[in-house]
Every structure is written in C-alpha cells, then in structure tokens.
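*Asks:* generate a structure from the sequence data that follows.
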Amino acid sequence: MSNILTDVIEDVQIKPAKMKLVLKWTISIAMSAIVIAFTFGQIKTARINKLNSLENLLDANTEAMIELRTEMKVGFDEVNVRINKIYDDGYKAFNNFQQFNNKQLGLIIDYSNTNKGMLKEMLELKSMEQTIQLENTIEKAKKETYVPTIIVKPIKDTVIKK
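*Replies:* A predicted model of the protein is given here:
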C-alpha cells in the first residue's frame, strides 16, 4: 500500500513541501479509513447473518414447542377422562360389592341366635362410612391435576429451510 501511495504522491507536482506532506497524510488516512470501513462491514455482515440464523432456529423451536404443548394438552385431557372413568367404574363396582356383602352378612345374621338387629345396624353404618370415605378419596383424586413441564434441548446439526 505504501508503494501505491508513494507513486500517487510522487507524480503530483506541488512546490511547497508542507502541502505535499498534508496531501500524503490525507490520502493515507482516507485509504486507511476505507480499509477499516470495509473490514468492519464484513465483520458486521457475518455477525448479522449468524444472528439471523439463530433467530430462525429460535422461531422454529418455538413453533415446535407450541405444537407439542397442544398435543400434550389434548393427550393429557384424554388420559384424565379415562382415569376418571376408571374411578367411576371402580366406585360403582365397589359399591355393588359392598351391597352384596351386606346382604350376605344380613342373611347370616338372620339365621343366628344372638342380637340380630344391633349387628345389622352396625354393618350398615360401617358400610355407609366406608362408602363416604371412598367417595371423598375419589373426588380428591379427580380434583388433582398433573401439569407437565417441557424441557427443550437443542438438536445439533439442525438445518432450517426457508
């Protein structure tokens, strides 16, 4: 670069030495500014391209997470409905079993010889108490909800197509 500068300066015919020195410095500073501006522009362009690719990757990941959340919500709602059905069916089966068991015990008591009425009443009270406890436990289990958390790990070598 100094050879080009020297060639340009040497061909100019200016008499005063100070003017030649000022012109030499002005051209040197201008050429340095052009080189610095070009280098800065190249670096900035490369950085902006990297930021744009990161932004595109982030947008794609965000869309994927939103889709995953909606799919998971629908899936968990379906699972919750099935679990509620299982609780309801289990409660009905248990209640039917308890009624059947009470009838059997009532028959046993009817054929026994000692204090039948009090024993029947105790069995009915106990079965009612157990039924209420079971209903409370089932309602408590129905009200509990499970909220999943999503952890997204970046995938290496991901290519985003535009």
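
*Asks:* rounded mean pLDDT for stretch 46-55, please.
*Replies:* Rounded to a whole number, the mean pLDDT of stretch 46-55 is 84.

*Asks:* how far does that stretch sit from its chain's centre?
*Replies:* 24 Å (CA atoms, centre = their mean, to the nearest Å).

*Asks:* what residues sit buried inside stretch 121-138?
*Replies:* Going by neighbour count (16 or more other CB atoms under 10 Å), the buried part of stretch 121-138 is L123, S127, L134, I138. All C-beta spots, glycine's among them, are computed from the backbone N, C-alpha and C.

*Asks:* can you give me the pLDDT of the residue lying closest to I138 once chain neighbours are set aside?
*Replies:* What sits nearest to I138 in space, not counting adjacent residues and going by CB to CB, 6 or more residues apart in numbering, is Y87, at 4.9 Å. Looking at Y87, its pLDDT stands at 83.

*Asks:* equivalent analysis for the one 10 residues further on, please.
*Replies:* The confidence metric pLDDT takes the value 78 at F97.

*Asks:* after the host helix or strand of it comes which helix or strand?
*Replies:* When elements are defined using DSSP states H and E, F97 is found to belong to helix 17-110. Downstream of helix 17-110, the first helix or strand assigned by DSSP H and E is helix 116-143.

*Asks:* tell me the angle that following helix makes with helix 17-110.
*Replies:* 170 degrees (axes from the mean of the first three to the mean of the last three CA atoms, to 10 degrees).

*Asks:* next one: helix 116-143 to chain centre, how far?
*Replies:* A distance of 43 Å separates the centroid of the chain from that of helix 116-143, by CA atoms, centre = their mean.

*Asks:* go on, stretch 77-92?
*Replies:* With CA atoms, centre = their mean, you get 27 Å for stretch 77-92.

*Asks:* thinking again about what came up before, looking at it, the residue nearest to I138 is touching K142, isn't it?
*Replies:* Yes: with contact defined as CB atoms under 8 Å, Y87 counts as touching K142 (6.4 Å).

*Asks:* who has more neighbours out of those two?
*Replies:* Y87 (16 against 13; other CB atoms under 10 Å).

*Asks:* how near is that one to T70?
*Replies:* Using CB to CB, to the nearest Å, we find Y87 at a distance of 26 Å from T70.

*Asks:* and A141, by the same measure?
*Replies:* Going from A141 to T70 by CB to CB gives 26 Å.
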